[in-house]
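Participant: Could you work out the structure for the sequence below:
(4 chains)
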Number of protein chains: 4
Amino acid sequence: MIELGPNRYGKAAIRLVRVMRGPDGDRVRDLTVAIALEGDFEAAHTDGDNALVIATDTMKNTAYAFAAEHLDGPIEDYGRALAEHFLEAPQVDLATVNVRAHHWAAIDVGGSPARDAFVRGGEGTRVATVAASPGGTTVEAGVEDLIVMKTTRSAFSGFPRDGYTTLPETDDRLMATKVTAIWRYGSPDLDADATFAAVRRTLLEVFADHDSPSVQTSIWIIAKAILERHEEVEAIRMVLPNLHHWLVDLSPFGLVNDREIYTPTTEPHGLIEATVRRGDV
Amino acid sequence: MIELGPNRYGKAAIRLVRVMRGPDGDRVRDLTVAIALEGDFEAAHTDGDNALVIATDTMKNTAYAFAAEHLDGPIEDYGRALAEHFLEAPQVDLATVNVRAHHWAAIDVGGSPARDAFVRGGEGTRVATVAASPGGTTVEAGVEDLIVMKTTRSAFSGFPRDGYTTLPETDDRLMATKVTAIWRYGSPDLDADATFAAVRRTLLEVFADHDSPSVQTSIWIIAKAILERHEEVEAIRMVLPNLHHWLVDLSPFGLVNDREIYTPTTEPHGLIEATVRRGDV
Amino acid sequence: MIELGPNRYGKAAIRLVRVMRGPDGDRVRDLTVAIALEGDFEAAHTDGDNALVIATDTMKNTAYAFAAEHLDGPIEDYGRALAEHFLEAPQVDLATVNVRAHHWAAIDVGGSPARDAFVRGGEGTRVATVAASPGGTTVEAGVEDLIVMKTTRSAFSGFPRDGYTTLPETDDRLMATKVTAIWRYGSPDLDADATFAAVRRTLLEVFADHDSPSVQTSIWIIAKAILERHEEVEAIRMVLPNLHHWLVDLSPFGLVNDREIYTPTTEPHGLIEATVRRGDV
Amino acid sequence: MIELGPNRYGKAAIRLVRVMRGPDGDRVRDLTVAIALEGDFEAAHTDGDNALVIATDTMKNTAYAFAAEHLDGPIEDYGRALAEHFLEAPQVDLATVNVRAHHWAAIDVGGSPARDAFVRGGEGTRVATVAASPGGTTVEAGVEDLIVMKTTRSAFSGFPRDGYTTLPETDDRLMATKVTAIWRYGSPDLDADATFAAVRRTLLEVFADHDSPSVQTSIWIIAKAILERHEEVEAIRMVLPNLHHWLVDLSPFGLVNDREIYTPTTEPHGLIEATVRRGDV
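Facilitator: Next comes the predicted model:
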């Protein structure tokens, strides 16, 4: 017997910009939105019956319309409005909305922010994922592509050696990584902008402050600090590629290279991921 | 109480080329390999203790050495040798090896294949993932980035309409997608090259042959045919973005556009995914 | 005094697919088009006067309309129709149209090509650039992203050594490159499809056949053969990154690596470019 | 007769990081460097004679060594040292060095910059190109990928209408672009860091301040201001894609969209480029 297993569908890469125009100048929200639905879609697969298939084009239209009506606050609130809207359809068991926010800052003109001109930039991308089901709504927030570096206070030693091991031990390496960190809130009802900013600040500060014996331990130290300082956070998953920076051998050129000149590489890279969470007492 | 949850680590984007030199000409294997381990790595996180942390640099070295010794057959066999090697370490509970194979063909010179010159190309990327645990070894195979198009015999109608629905019904649209299809074998012991080629052929032929009332139904029809024709396959997961091609309105220019001129778009796109599997009888 | 120097403008990344429907099955043309104009546009810059500025949106519309009317033959002919159309505007001195063609092949079903289903792939991208001016129309054709490899018969030795030279000489290295080759025809009136296919075949065959003492010499040998065999071609420019493949040192693992296991890299890469042309007698 | 035309070669995508360690904390320079040489390289092409071919691997080594010795000041000075070094080889007529600088900021920890931890980010990429020839050395500086937006005070009207024109006139559109601006200095001897910062500030301020009747006029206004305010600059070339943001039609959903909800697109895009320079008096 052949049967349908897990399945979902939706619209991805919905791009939209909202300009909020005000007497003190404009504000810009620039988002990439993805919507996915799970539920009673077996007949859509096995019988070619689209009677319950909300068109992904309709999802896109709804994302635009809701941007006009529900995007004056945090992206988490916008995502929640969208997710809970789609959950109203009886065939939907789970509606998931992912929002990525691209950062624009007002251009500085002679020391003051421009009213109507912006420059894109920033460090990493803010993301939020809201999942609505009959059992309730969960909210995840986080950052992607947050590239950071420690120029010292990073080591890697004491690892096992076998016949394929050539890496020397080091007590002082350069550590660079592109952080993906996604944390889950205990409740969807919170000040999502303030909490995001606070968690992000903890992440960066602890990254800067700690001594790292390995990427694994760095994840633990950072994640633990976030859970300790931010009670809204129930769990956090971090994915850290180890973007190796190798010391260049300058000795053939008669030069000493005392932790000064590195060549960064992207292939291959270490890839370290872990979830840290509040356990049951 | 704060605790470590699921975690894994490894080396990704290991690039390697093996040239097999023979009297009738060379053959080329060009791979991107990723290795990930799960197991007893709690102390590595919480105590900064690397005693059990096989260095990801060692994984890379092992991938190179095993390419010399275990890459004369299918990539699945190479992946299995690597995965089962890492499982030998007692702290490892699960070793996963993902291999992506980039296609090179001998250059045609006057009707004959060159002995030692190759051109890269092909349609989609072959992938394999081998996971070894004390309970046994599982093998998945598949294709990624296999871009296909039906110029007719694709419809989408009968879907629900609400206040956000503007999409017209259509009984003849152009359907384009970039197929990711990953199938799991019932046993790791099989002729992986022949089976891969046969499953891929079924995928393409059924894609070409069937009438599509929706992407969902296309997945079902293709996946069901694969399971029916290839008993080695236990389950298959397909992820199909719907790469919309919109008919261009040429009427302002006095031209009729009868399913002839389309503009392809990538943002936004539908995204449809489902697993189809053998159920219990 | 501040003055306007060289300037041009246009529309880039116009995406279009034409499906040619016929009794023996459909054919697909999938293009990315860019249009650029030069001419009397000083007032557009210095006075904000748009009276002569053909809107880039109009260029896009024209590309679509001309696809319906002028795209039943080679892309060079389509590009020429577009370029000569824009040259009709008196303010235009030079109209340049660049066309990139993405390759689709009919899916093979049981040994026959499908009538209405296609798979994208192929080796490299065909390109054409047509430039129309009052002095006449020139046509360039070529390929981009044609990735090729010689597994032997490539050397690099006899180069100068200074205090920064560490590269050993080699009489047998693996050479891989991503060819960009753009050739100019002596006349725009030619069978562009047949000529393109013939030149491309020469390029690949000579790449496969020759012994390479350097990438520079490979360019010369290939380009010279193209000029010798294809009298339609007046000049050819080739840009060849040297995509280094380094032999992996397997000796720490007790293995010999006799030109077998390589690691491909993309950063850094050599970059070699040259034009070869017919000189005045 | 077939002859060699213009040619050049070098090493591209040389990646390097220099950490300058000091008592008040570390500083980071993260560069991508490309080196290209022109000169007496005919025999390298036509005779396979490498006697004058400085290996691109040697160029890479030199870039690393010079990073240790000549990278304590502006990237322009580093590029100049490299370019003038390669010009010392008698076969070299022109040595060009392009440097792209990736921005890292010290992480803020409790209001103070970390001594040894950094986050990558910023707005656009700083670039410099130094060309050394027997006639002298020229220096270009600039920015790439500087993405900016005007939410109002941008218009496009008064353009000609033909049978392919459907674009409505507008006196208030959203204008977004990704600026490439490359300016040439009159002399290589200048305070390159201070001048770069000043020119970049002018670029952003004038972009923010001016009313735009077209992208062409915006280029003129910005470039003219840079030339007027910065006498070190001889000429500036700007390349501005017009990254269209289209107002979404929300009327089917009963909503008014008064310049509020836009959908950004990248395909197709306008592409406007011009050089503005000091003319002869």
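
Participant: Could I have the CA atoms of stretch A:186-202 written out in CSV?
Facilitator: What follows is stretch A:186-202, C-alpha atoms only, in CSV (Å, rounded to 0.1, in the frame of the first residue of the first chain):
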residue,chain,number,x,y,z
GLY,A,186,7.3,30.8,26.3
SER,A,187,4.3,32.9,25.3
PRO,A,188,3.4,34.7,22.2
ASP,A,189,2.3,37.7,24.2
LEU,A,190,5.3,39.9,24.7
ASP,A,191,7.0,43.1,23.6
ALA,A,192,8.7,41.4,20.7
ASP,A,193,10.8,44.4,19.6
ALA,A,194,12.3,45.1,23.0
THR,A,195,12.9,41.5,23.8
PHE,A,196,14.6,40.9,20.4
ALA,A,197,16.9,43.8,21.0
ALA,A,198,17.8,42.6,24.5
VAL,A,199,18.5,39.0,23.5
ARG,A,200,20.5,40.1,20.5
ARG,A,201,22.6,42.4,22.8
THR,A,202,23.2,39.5,25.2
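
Participant: what's that stretch in contact with?
Facilitator: Residues from elsewhere that reach stretch A:186-202 (C-beta atoms under 8 Å, 6 or more residues apart in numbering or on different chains): A:73-77, A:80, A:126, A:128, A:130, A:136-139, A:141, A:143, A:183, A:185, A:222, A:225-226, A:229-234. To be clear about C-beta, it is placed using only N, CA and C from the backbone, and glycine gets the same treatment.

Participant: Now that stretch: buried residues?
Facilitator: By 16 or more other C-beta atoms under 10 Å in any protein chain shown, the buried positions in stretch A:186-202 come out as A:188, A:190, A:192, A:195-196, A:198-200, A:202.

Participant: Kindly report the same for stretch A:44-63.
Facilitator: Result for stretch A:44-63 [16+ other C-beta under 10 Å]: buried residues A:44-46, A:48-50, A:52-63.

Participant: Give me the number of neighbouring residues for residue A:24.
Facilitator: Using other C-beta atoms under 10 Å in any protein chain shown, the number of residues around residue A:24 comes to 7.

Participant: For the residue lying closest to it once chain neighbours are set aside, give its distance to chain C.
Facilitator: Counting by C-beta to C-beta, 6 or more residues apart in numbering or on different chains, residue A:24 lies nearest to residue A:115, which is 7.5 Å off, once chain neighbours are set aside. To chain C, residue A:115 is 22 Å away according to C-beta to the nearest C-beta, to the nearest Å.

Participant: And residue A:229, by the same measure?
Facilitator: Using C-beta to the nearest C-beta, which is the criterion applied here, residue A:229 is 39 Å from chain C.

Participant: Need the per-residue pLDDT for the spatially closest residue to that residue that is not a sequence neighbour.
Facilitator: Once flanking residues are discounted, residue A:229 sits nearest to residue A:202: 5.4 Å by C-beta to C-beta, 6+ apart. On the pLDDT scale, residue A:202 is placed at 98.

Participant: again, but for residue A:281
Facilitator: Model confidence at residue A:281 (pLDDT) stands at 58.

Participant: now the residue of the stretch 51-200 of chain A found nearest chain C, what's its secondary structure?
Facilitator: Of all residues in the stretch 51-200 of chain A, residue A:166 sits closest to chain C, at 5.4 Å by C-beta to the nearest C-beta. Secondary structure, DSSP: H, G, I helix; E, B strand; the rest coil: residue A:166 is coil.

Participant: So what's the residue count around it?
Facilitator: For residue A:166, the neighbour count with other C-beta under 10 Å is 14.

Participant: what's near enough to touch it?
Facilitator: So residue A:166 contacts B:57-58, B:61, C:252 (C-beta under 8 Å, 6+ apart).

Participant: and the next element down the chain from the lengthiest helix in chain A?
Facilitator: In chain A, assigned by DSSP state H, the helix with the most residues is helix A:192-209. For helix A:192-209, the following helix or strand on the C-terminal side (DSSP states H and E) is helix A:215-229.

Participant: what comes into contact with that following helix?
Facilitator: For helix A:215-229, the external contacting residues (C-beta under 8 Å, 6+ apart) are A:154, A:175, A:177, A:181, A:183, A:198-199, A:202-203, A:206-207, A:210, A:212, A:233, A:235-236, A:238, A:240, A:242, A:270, A:272-274, A:276-278, B:2, B:4, B:7, B:9, B:41, B:44-48, B:53.

Participant: Narrow these to just the buried residues.
Facilitator: A:154, A:175, A:177, A:181, A:183, A:198-199, A:202-203, A:206-207, A:210, A:212, A:233, A:235-236, A:238, A:240, A:242, A:270, A:272-274, A:276-277, B:2, B:4, B:7, B:9, B:41, B:44-46, B:48, B:53.

Participant: Let's see which of these end up in strands.
Facilitator: Applying DSSP state E to the buried ones among the contacts of helix A:215-229, the entries found in strands are A:175, A:177, A:181, A:183, A:233, A:235-236, A:238, A:240, A:242, A:270, A:272-274, A:276-277, B:2, B:4, B:7, B:9.

Participant: Starting from the helix or strand hosting residue A:63, tell me the next helix or strand along the chain.
Facilitator: Taking DSSP H and E as the definition, one finds residue A:63 inside helix A:56-70. Per DSSP H and E, helix A:56-70 leads on to helix A:75-87 as the next helix or strand towards the C-terminus.
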